[in-house]
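1. Just the structure for this:
(one chain, ligands or ions: 1)
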Amino acid sequence: MQQEILDYVDSLAADLQHWRRDLHHYAESGWLEFRTATLVAAELHRLGWQLQMGREVISAEHRMGLPDAATLQREEQRAIEQGALTEWLPHFSGGFCGLVATLETGRPGPVVAFRVDMDALDLNERLQDDHRPFRDGFASCNAGMMHACGHDGHTTIGIGLARTLMTFAAQLNGTLKIIFQPAEEGTRGAKAMVEAGVVDEVDFFGAIHIGTGVPAGELVCGCDSFMATTKLDVDFHGVASHAGGRPEEGRNALLAAAQATLALHTLTQHSGGSARVNVGVLRAGSGRNVVADRASMKVETRGGSNQVNDDIFARTQQVIAGAAAMYDVEHHITLMGSARSSQPTAPWVRFIRQQAAQIAQITSRVDSKNQAAGSEDATWMMERVKARGGQASYLIFGCDLSAGHHNEKFDFDESVMATAIKTLTLLALNIDQYREEEK
Ligand SMILES: O=C(O)C[C@H](NC(=O)Cc1c[nH]c2ccccc12)C(=O)O
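-> Predicted coordinates:
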């Protein structure tokens, strides 16, 4: 029976490629996944999954880094023109582009949930013949939005998993859930889904990523190196004046931002673990001969533990307030995203390793990988599941890439999608073999 299921996943290859390339072509960045979400909803509904959508699974006030209302409206129109399914769109309207699909088998057993993300990056895709998506006609048609992190693959894995689990539903026990999350980039979306309670009943949780420098054929069963992070926008508001005639009447927002930037980059000494601060964007001023009355910054802090990040973030707020005070300007901080660091639970990682050993395409299995991993907001879900006594992990499926993540030439070997679907399917299928203690 198990071989029949693995063969079934192989038979989906052409469909998976079709889905992935369609999603890649119509890339939609965070909170703007209107077309994507409607297509996922229609397909999972057709397959017979129960759906919870939009506000049911996203807490409005916990959304971080939401685009402004005009952008949300414009992008929803754009999505309609690009084939978003209007009968499903009302659920997602206004920036609620998430859904949770549930399959109740009616037989006793745990709740097993997998999370995939759906958003693209704010990046222009390379439109040259040396880039396969362009050559083969599926490069992004949306300027400034590109699937350069593989989330088109993740969404496709979610769809393929939904098909496979439904096809073999008679073999499954307990409850299966697939969580389709918006706005992972900038770590903006997961918290709002956690606050809506989407993982509150989950016993076993897995989030996934493809690529990230892990070699093809390798599975990282429990990535444990994500940094806690906080993303903030800062606005300084001063007073403009004549730079030659009345400079003393000005309140210089540009200098406050510049001082803050230099000071922020000195904050990363911490005995508790690694720490980072980055001012990634600084914009200020309006003209050569005007004392700058406006400045804005996009900032992130990170820490090897939640405590380190919390400490660095607290100091970051003090430094910004201090720099504003130096130049007598107002300042305002807006929280734009956040994620936690989270350790996978060992018995579940062990089970993942055991199950993956049955998949021919996975030639190497490691528990974790000692590499700087950046951040991931699925850690909010992991932490919630663990807090309730559940098991949680983060799986990385290695694959060949044409360029690094977040690069305009990013592309991946599509065969990794079937490998991931097989792995997640076996976890669900064989969950009754899970043991807390090592045998
Ligand atoms: O903080 C963010 O905006 C999230 C973003 N996240 C990623 O790029 C995902 C990521 C980075 N490295 C790894 C390694 C494994 C899985 C996922 C990743 C980052 O760290 O800048």
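2. tell me the mean pLDDT over the one helix or strand Phe205 maps to?
-> Element membership for Phe205, per DSSP states H and E: strand 204-210. Strand 204-210 carries an average pLDDT of 98.
3. Parallel or antiparallel, which strands does it pair with?
-> strand 111-117 (parallel), strand 391-397 (parallel) (DSSP bridges).
4. Show residues contacting the first one.
-> Contacts made with strand 111-117 from outside it, assessed by C-beta atoms under 8 Å, 6 or more residues apart in numbering, are listed as 151, 154-155, 157-158, 161, 174-182, 184, 189-190, 199, 201-208, 378, 381, 385, 424, 427-428, 431. For glycine as for every other residue, the C-beta is placed from the backbone atoms N, C-alpha and C.
5. and what of stretch 359-373?
-> 6, 212-215, 217-227, 344, 349, 353, 356-357, 396, 398, 415, 418-419, 422-423, 426.
6. Now do the buried residues in it.
-> By neighbour count on 16 or more other C-beta atoms under 10 Å, the buried set for stretch 359-373 is Ile359, Gln361, Ile362, Arg365, Val366, Asp367, Ser368, Lys369, Ala373.
7. Also stretch 430-439?
-> Neighbour-count burial for stretch 430-439, with 16+ other C-beta under 10 Å as criterion, is recorded at Asn430, Ile431, Tyr434.
8. Cross-check the contacts of stretch 359-373 against the ligand and keep the overlap.
-> Thr212, Cys223, Ile396 (C-beta under 6 Å from any ligand atom).
9. For the stretch 301-439 of the chain, which segments count as strands?
-> Applying DSSP state E, counting those that start in this stretch to the stretch 301-439 of the chain gives strands spanning 330-339, 364-366, 391-397.
10. And the stretch 151-300 of the chain, by the same measure?
-> Going by DSSP E, counting those that start in this stretch, the stretch 151-300 of the chain shows strands at 175-181, 204-210, 218-220, 228-237, 275-284, 294-303.
11. neighbouring strands for the last one, and are they parallel or not?
-> It stands for strand 294-303. strand 228-237 (antiparallel), strand 275-284 (antiparallel).
12. Now render those as JSON lines, adding mean neighbour count, distance to the ligand and mean pLDDT.
-> Listed next are the strands paired with strand 294-303 as JSON lines, based on neighbours: other C-beta atoms under 10 Å; distance: least, C-beta to the nearest ligand atom, whole Å; pLDDT from 0 to 100:
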{"stretch": "strand 228-237", "mean neighbour count": "22", "distance to the ligand": "5", "mean pLDDT": "98"}
{"stretch": "strand 275-284", "mean neighbour count": "16", "distance to the ligand": "10", "mean pLDDT": "98"}
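13. Let's have those strands in TSV, adding distance to His45.
-> Formatted as TSV, the strands paired with strand 294-303 follow (distance: least, C-beta to C-beta, whole Å):
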stretch	distance to His45
strand 228-237	34
strand 275-284	40
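14. Report all helices and strands that the one helix or strand Leu16 maps to contacts.
-> Secondary structure from DSSP H and E places Leu16 in helix 13-25. Applying 3 or more C-beta pairs under 8 Å, 6 or more residues apart in numbering; DSSP states H and E, we find helix 13-25 packed against helix 34-47, helix 132-135, helix 151-167, helix 415-429.
15. wait, which of the ones you listed is closest to Gly106?
-> helix 151-167 (13.7 Å; C-beta to C-beta).
16. for that closest one, packing partners?
-> Helix 151-167 packs on helix 2-11, helix 13-25, helix 34-47, strand 99-104, strand 111-117, strand 175-181, strand 204-210, helix 415-429, going by 3+ C-beta pairs under 8 Å, 6+ apart.
17. returning to that earlier point: show me which of the contacts of strand 111-117 are buried.
-> Using 16+ other C-beta under 10 Å, the buried ones in the contacts of strand 111-117 are 151, 154-155, 157-158, 161, 174-182, 184, 189-190, 199, 202-208, 378, 381, 385, 424, 427-428, 431.
18. if I pick Ala27, what's in contact with it?
-> Ala120, Glu125, Ser140, Asn142, Met145, Met146, His147, Asp152.
19. For the residue of the chain found nearest the ligand, grab phi and psi.
-> Going by C-beta to the nearest ligand atom, the ligand is nearest to Gly374 of the chain, at 2.5 Å. In this entry, Gly374 is assigned phi and psi values of phi 70, psi -150 (degrees, to the nearest 10).
20. Quick check: pLDDT value at Glu436.
-> Listed pLDDT for Glu436 reads 87.
21. so it makes contact with Ala346?
-> No - with contacts counted by C-beta atoms under 8 Å, Glu436 stays clear of Ala346, the gap being 9.7 Å.
22. Overlap of the contact sets of those two?
-> Contacts common to Glu436 and Ala346, judged by C-beta under 8 Å, 6+ apart, are absent.
23. hmm, the helix ranked longest in the chain touching the ligand?
-> Secondary structure of the chain per DSSP state H: the longest helix is helix 306-326. No - Helix 306-326 stays out of contact with the ligand when judged by C-beta under 6 Å from any ligand atom, the minimum separation being 11.3 Å.
24. Does that helix pack against any helices or strands, and if so which?
-> Partner elements for helix 306-326 (3+ C-beta pairs under 8 Å, 6+ apart): strand 228-237, helix 253-264, strand 275-284, strand 294-303, strand 330-339.
25. nearest to Leu12, of these?
-> Taking the helices and strands packed on helix 306-326 one by one with C-beta to C-beta, strand 330-339 is closest: 31.6 Å.
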